[in-house]
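> Below is the structure, and that's it, no one-letter string:
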RNA sequence: GGGCCAUUAGCUCAGUCGGUAGAGCACCUGACUUUUAAUCAGGGUGUCGCUGGUUCGAGUCCAGCAUGGCUCACCA
């Protein structure tokens, strides 16, 4: 292997690059070509390049462009040399187009350069549009410029990059060789834009609230901790923007929303990434019924706008997103599916006994309350069955510390969650605006915390302070953007809709 | 964190009973002036994830570790 290293040293191209790297044959050859080009006065990393057309535009507008000059740029994705003429495909953001170089047309210097080009190199091409004998729309090269020399070989041309670990770790390669991946992220962008358009059109104001918080509130989750050096204090990455957005309602904003990242220090799975994107919106003088209506309209209209249909296929299951969606109170859903009538159960002790007798296979803890037991039954036996969009309403107060109690039953709240394909897609409620009740809820959460529940809410005195000034009654809604994008792009894993999902570092 | 599975060339993958490393693409050399997974002739480019162990001999068997996937737990 000694001789290989010596060659590598020679092959590194720049005069001031004396690094001896352990390069394989493929990379060594590319560096040699780089050095050779520099030696002939050709700069392999070009600058500004003005294009007149995109690949797709040329392919879709052949009649108008036949024999017309075009200037395009992109990455070489395939190459076929035939002696004194050569073909290649170049790819830009819109797709691929074939290019054709003929020795007689371009001259020896350019043809030689064309021959030296590798798959992966980025080039600019000036030429005219024609159709080959086989009928493929092609740009006949007149001038050629190397814009970026690629030093690493791309994955194979028809299997592409399959190794999921490499795909996530080196998303840039995934995007180059797997067009479907780029399409997913284009759709994601369209979905988010459609959300904003919808809300802006209804008079909502987009705002930004702190990502770094002194008290991480608004959800039950373990936060990430970080440190501010100058202040010498620990801060938490937010688990939700909720309490800040509601402070804005106190301040007088009446319709606000935020689409941004939340961070939760919990497990990673096909449905969980430590950072994920949430839409939260708040509307003063509205309630959770208004939130159900807006959820239906938002999701169905975004699907119609981005996908052109409200009837989608997710992992082989047909899902109909057209309104209206079922609205079922949790008590009723539990009664239907388990036969247990919680309206007759008044205490935690009764609930414990009844659930054990029913042999539902649900594990309970001594600390479980009537409401948390009800929720466990729901999550265990009903949630997975909610394939078509379904609102489950009226959640127990114990697991809803920020939601308004139902007027008819103070043990329940004016809250719903939306389920599609057995997954929670949205969570919303009539916001609790009674500062005294809110303080009581925080106090009982703080007790849970003391008892070891790391996910229980923390007391937030400033939030209580805000409520004491008076918050208008309001409806609030949260939608998990990543999960919605998964649904609308038929993606199996959340990692397929997040450009750079968190991966454990190598080594 | 538990269980199961995977890790071999740049990529996609074979590798039998433990006997000293294979294919396709890519790449290199040559031929070819409208090709289409271009074709034809020739060339194998490797720390078999890592560390130990068993063995005359380990890609293969055993143990530990690492990374990833699935799954359960936790969550959105």
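Nice, thanks for sending it over. All values derive from a computational prediction rather than experimental measurement. Numbers count the residues shown, from 1 in each chain, chains lettered A, B, ... in the order given.
> which residue packs closest to the residue of the stretch 351-500 of chain A found nearest RNA strand B, ignoring adjacent ones?
The nearest approach of the stretch 351-500 of chain A to RNA strand B comes at residue A:424, 3.3 Å away (Cβ to the nearest atom of the strand). The way it works is simple: take the backbone N, C-alpha and C, and place the C-beta from them, glycine included. Spatial nearest neighbour of residue A:424, chain neighbours left out: residue A:417 (5.4 Å); criterion: Cβ to Cβ, 6 or more residues apart in numbering.
> following the helix or strand hosting the one you found, which helix or strand comes up?
Here residue A:417, judged by DSSP states H and E, is contained in strand A:415-420. Once the chain leaves strand A:415-420, the next helix or strand it forms, by DSSP H and E, is strand A:423-430.
> tell me the angle of that following strand relative to strand A:415-420?
Here strand A:423-430 runs at an angle of 160 degrees relative to strand A:415-420 (axes from the mean of the first three to the mean of the last three Cα atoms, to 10 degrees).
> Note down every partner strand of the strand holding residue A:417 and its orientation.
Sheet pairing of strand A:415-420 (DSSP bridges) gives strand A:390-393 (antiparallel), strand A:423-430 (antiparallel).
> got JSON lines for those strands, with mean pLDDT and mean neighbour count too?
Formatted as JSON lines, the strands paired with strand A:415-420 follow (pLDDT from 0 to 100; neighbours: other Cβ atoms under 10 Å):
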{"stretch": "strand A:390-393", "mean pLDDT": "96", "mean neighbour count": "22"}
{"stretch": "strand A:423-430", "mean pLDDT": "95", "mean neighbour count": "23"}
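> Of these, give the one that comes closest to residue A:216.
strand A:423-430 (17.1 Å; Cβ to Cβ).
> list the helices and strands the next helix or strand after the closest one packs on?
Note on strand A:423-430: by DSSP H and E, the next helix or strand toward the C-terminus is helix A:435-450. Where contact means 3 or more Cβ pairs under 8 Å, 6 or more residues apart in numbering; DSSP states H and E, helix A:435-450 is packed against helix A:461-469.
> mind showing which ranges of the stretch 401-507 of chain A have poor pLDDT?
For the stretch 401-507 of chain A, the stretches flagged by pLDDT under 70 are A:507.
> need the residues of it near RNA strand B, please.
Within reach of RNA strand B by Cβ under 7 Å from any atom of the strand, the stretch 401-507 of chain A has these residues: A:423-424, A:427, A:455, A:480, A:482-483, A:492-495, A:503-504, A:506-507.
> Just give the number of residues close to residue A:339.
By other Cβ atoms under 10 Å, the residues close to residue A:339 number 9.
> Mind checking what secondary structure the residue of chain A most remote from its centre has?
Here chain A reaches farthest from its C-alpha mean at residue A:104, the gap being 49.9 Å by Cα atoms, centre = their mean. Classification of residue A:104 by DSSP: H, G, I helix; E, B strand; the rest coil places it in helix.
> Ok, residue A:410 next?
coil.
> And for it, nearest residue in space, chain neighbours not counted?
residue A:397 (7.0 Å).
> wait, what's in contact with the one you found?
When contacts are counted by Cβ atoms under 8 Å, 6 or more residues apart in numbering, residue A:397 touches A:371, A:403, A:405, A:410, A:411, A:412, A:413, A:441.
> Residue A:380 falls within a strand, correct?
No: applying three-state DSSP, one finds residue A:380 to be helix, outside a strand.
> what separates the nearest residue to residue A:153 once chain neighbours are set aside from residue A:160, distance-wise?
Closest residue in space to residue A:153, ignoring its immediate chain neighbours: residue A:26 at 4.7 Å, by Cβ to Cβ, 6+ apart. Distance, residue A:26 to residue A:160, using Cβ to Cβ, to the nearest Å: 18 Å.
> More neighbours: the two, which one.
residue A:160 (17 against 11).
> what sits against the residue lying closest to the residue farthest from the centre of chain A once chain neighbours are set aside?
Nearest residue to residue A:104, sequence neighbours excluded (Cβ to Cβ, 6+ apart): residue A:84, at 7.4 Å. Going by Cβ under 8 Å, 6+ apart, residue A:84 touches A:102, A:103, A:104, A:111.
> Which parts of the stretch 1-150 of chain A are strands?
A:69-81, A:85-92, A:95-102, A:122-131, A:137-148 (DSSP state E, counting those that start in this stretch).
> Can you lay out those as CSV showing mean neighbour count, mean pLDDT and distance to residue A:437?
CSV is the format used below for the strands of the stretch 1-150 of chain A (neighbours: other Cβ atoms under 10 Å; pLDDT from 0 to 100; distance: least, Cβ to Cβ, whole Å):
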stretch, mean neighbour count, mean pLDDT, distance to residue A:437
strand A:69-81, 18, 96, 60
strand A:85-92, 20, 96, 58
strand A:95-102, 20, 96, 58
strand A:122-131, 19, 97, 62
strand A:137-148, 19, 96, 62
